[in-house]
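A.B. asks: I would like to see how this sequence folds:
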Amino acid sequence: MAPRFALTALMLGNFVIALAVLAPAGMVIELSQGLGVTILEGGFLITAGAVILCFASPISAWLTSRIDRRTLLAITLLVVTVGQFVSVFVPNYDTLLITRILMLAVAALYTPQAAGTAALIVSAEKRAGAISYVFLGWSLATAIGVPIINLLAAKVGWRETYALLAFVSLVAFALQILFLPSGLQGAPVSLATWGAVARNRLIVLLLLITAVQVSGQFAIITYLAPLLLKLAGAGPETTSLFFALFGVSGFVGNVLATRIVGPLGAFRTSALSIGSVFFGLLLWAFGAGFLPVMGAGAVFWGLGFAAANSMQQARLAAAAPELASASIALNTSGIYVGQAVGSYVGGFLIVRDLFHEMGWTALGFVGASLVLLWLTRPAKPAA
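C.D. replies: The predicted structure is shown next:
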């Protein structure tokens, strides 16, 4: 089977996983109204899921490192399909929360193992581009999936939206079976591997960059719909447009990163990506309440959103190829740590009506990640 088909199957699997993780952000208002809970409790679906994903990702990488990749990834998407289907019929908030936690505990496998599988399919010189391509699934989810979720939930209901998510997950499951080659095995992950990761200064800094910059972004992303409503009186159509602006920019930014990482290198591409996020959030914070400026901020922010994470994956794989299975799994945990911290911080601020402060708080997190990024700059070659 051609590598391109396999990589596309992996990318679409990431699309499904991203939707599973991000869906509550797109329908937090409808979920809170339909289940009779607060906006903060609706946002807690993101926070709780992220906490589970954070711990489950490295543990599952350790427990499943000897399982055939096609079997592992297909089963993961099958569990996600079941979880989304069950969510259609949940009677209350607590049941939805439990269903989500159980589903995401298994879904945590997918993104790091998909990146590792992509690295096995292509040659060494193509790994950075392949990993970036597989990560486009997350960009597509924010560009297309979340805006559709936001609009569907407002127009037809959140249960019907979960039914659509179940169908899309089933399609992705079938693609893993059809297009992934069998017999792929990742490098075994042992306890010694985790120790080696912890002793590698560059890897630790890269993981910290991921957690910090994602924290800032998810302080706003989780509550984008209610935030736009409070700041500018935006309805579902405007909110969907903002999700689409952000997501399409994310897709474009990730494609551009895939193209320029070869000549520029992963560090410079990372700097451009996180710098774009910083500038976008700066516009958002200054323009809070003025939709055109906030929209421009969402574009620049989106350009760096997915690209920054893709470059983190690529830099980790290059930093220590023999530790890639573990470090990429931990980077995925870093993403989920950021989601948990960011959604908690955003919830803390939004229930206190500190809507403008949310933008400046997000900007502070991303600014701190740029300082950490500077510490990981490549050493200049000796003269």
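A.B. asks: show residues contacting whichever strand or helix holds Thr71.
C.D. replies: Applying DSSP states H and E as the criterion places Thr71 in helix 69-88. If you take CB atoms under 8 Å, 6 or more residues apart in numbering as the criterion, helix 69-88 is touched by 10, 13, 16-17, 20, 64, 96, 99-100, 102-104, 106-107, 109-110, 113-114, 116-117, 120, 159-160, 162-163, 165-166, 169-170, 172-173, 176-177, 180-182, 184-186. C-beta here means a position set from N, CA and C on the backbone, and glycine is covered the same way.
A.B. asks: please save the CA atoms from it in CSV.
C.D. replies: Output of helix 69-88 as CSV, limited to C-alpha atoms (Å, rounded to 0.1, in the frame of the first residue of the first chain):
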residue,chain,number,x,y,z
ARG,A,69,0.2,-0.5,15.0
ARG,A,70,-2.7,-1.1,12.6
THR,A,71,-4.5,-3.2,15.1
LEU,A,72,-3.9,-0.7,17.9
LEU,A,73,-5.0,2.4,16.0
ALA,A,74,-8.1,0.7,14.5
ILE,A,75,-9.3,-0.5,17.9
THR,A,76,-8.7,2.9,19.4
LEU,A,77,-11.0,4.5,16.7
LEU,A,78,-13.6,1.8,17.2
VAL,A,79,-13.8,2.7,20.9
VAL,A,80,-14.1,6.3,20.0
THR,A,81,-17.0,5.4,17.7
VAL,A,82,-18.8,3.6,20.5
GLY,A,83,-18.2,6.4,22.9
GLN,A,84,-19.6,9.0,20.5
PHE,A,85,-22.6,6.8,19.9
VAL,A,86,-23.3,6.3,23.6
SER,A,87,-23.1,10.1,24.0
VAL,A,88,-26.2,10.5,21.8
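A.B. asks: quick check: closest non-adjacent residue to Ile274.
C.D. replies: Among residues not flanking Ile274 along the chain, Ala308 sits closest, at 5.0 Å (CB to CB, 6 or more residues apart in numbering).
A.B. asks: packing partners of the lowest-mean-pLDDT helix or strand in the chain?
C.D. replies: The weakest-scoring helix or strand in the chain, judged by mean pLDDT, DSSP states H and E, is helix 127-140 (a mean of 78). For helix 127-140, the elements it packs on are helix 3-26, helix 110-121, helix 236-264, helix 291-319, judged by 3 or more CB pairs under 8 Å, 6 or more residues apart in numbering; DSSP states H and E.
A.B. asks: at 10 Å what do you get?
C.D. replies: Judged by 3 or more CB pairs under 10 Å, 6 or more residues apart in numbering; DSSP states H and E, the packing partners of helix 127-140 are helix 3-26, helix 110-121, helix 236-264, helix 266-286, helix 291-319, helix 324-350.
A.B. asks: would you turn the ones you listed into TSV with mean neighbour count?
C.D. replies: Listed next are the helices and strands packed on helix 127-140 as TSV, based on neighbours: other CB atoms under 10 Å:
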stretch	mean neighbour count
helix 3-26	24
helix 110-121	26
helix 236-264	20
helix 266-286	22
helix 291-319	25
helix 324-350	25
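A.B. asks: compute the first-to-last residue distance for stretch 106-125.
C.D. replies: By CA to CA, to the nearest Å, the extent of stretch 106-125 from end to end equals 31 Å.
A.B. asks: tell me the mean pLDDT for that stretch?
C.D. replies: The average pLDDT for stretch 106-125 rounds to 81.
A.B. asks: which of the helices and strands packed on helix 127-140 has the lowest average pLDDT?
C.D. replies: Among these, helix 110-121 scores lowest, at a mean of 82.
A.B. asks: pull the CA atoms of that one into PDB?
C.D. replies: As requested, the backbone C-alpha atoms of helix 110-121 are provided in PDB (Å, rounded to 0.1, in the frame of the first residue of the first chain):
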ATOM      1  CA  TYR A 110      -3.900   7.600  18.900                       C
ATOM      2  CA  THR A 111      -2.100  10.900  18.300                       C
ATOM      3  CA  PRO A 112       1.400   9.900  19.600                       C
ATOM      4  CA  GLN A 113       1.100   6.400  18.000                       C
ATOM      5  CA  ALA A 114       0.000   7.900  14.700                       C
ATOM      6  CA  ALA A 115       3.100  10.100  14.700                       C
ATOM      7  CA  GLY A 116       5.300   7.200  15.500                       C
ATOM      8  CA  THR A 117       3.700   5.100  12.800                       C
ATOM      9  CA  ALA A 118       4.200   7.800  10.300                       C
ATOM     10  CA  ALA A 119       7.900   7.800  11.100                       C
ATOM     11  CA  LEU A 120       8.000   4.100  10.400                       C
ATOM     12  CA  ILE A 121       6.300   4.400   7.000                       C
END
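A.B. asks: which strands and helices sit next to it?
C.D. replies: So helix 110-121, by 3+ CB pairs under 10 Å, 6+ apart, packs with helix 3-26, helix 39-63, helix 69-88, helix 127-140, helix 158-179, helix 291-319, helix 324-350.
A.B. asks: at 6 Å instead, please
C.D. replies: helix 3-26, helix 127-140, helix 324-350 (3 or more CB pairs under 6 Å, 6 or more residues apart in numbering; DSSP states H and E).
A.B. asks: ok, residues contacting stretch 116-129?
C.D. replies: 3, 6-7, 10, 69, 130-131, 134, 184, 186, 258, 261, 314, 317, 325 (CB atoms under 6 Å, 6 or more residues apart in numbering).
A.B. asks: go again using 7 Å as the cut-off
C.D. replies: For stretch 116-129, contacts defined as CB atoms under 7 Å, 6 or more residues apart in numbering pick out 3, 6-7, 10, 69, 73, 130-131, 134, 184, 186, 258, 261, 266, 314, 317, 324-325, 328.
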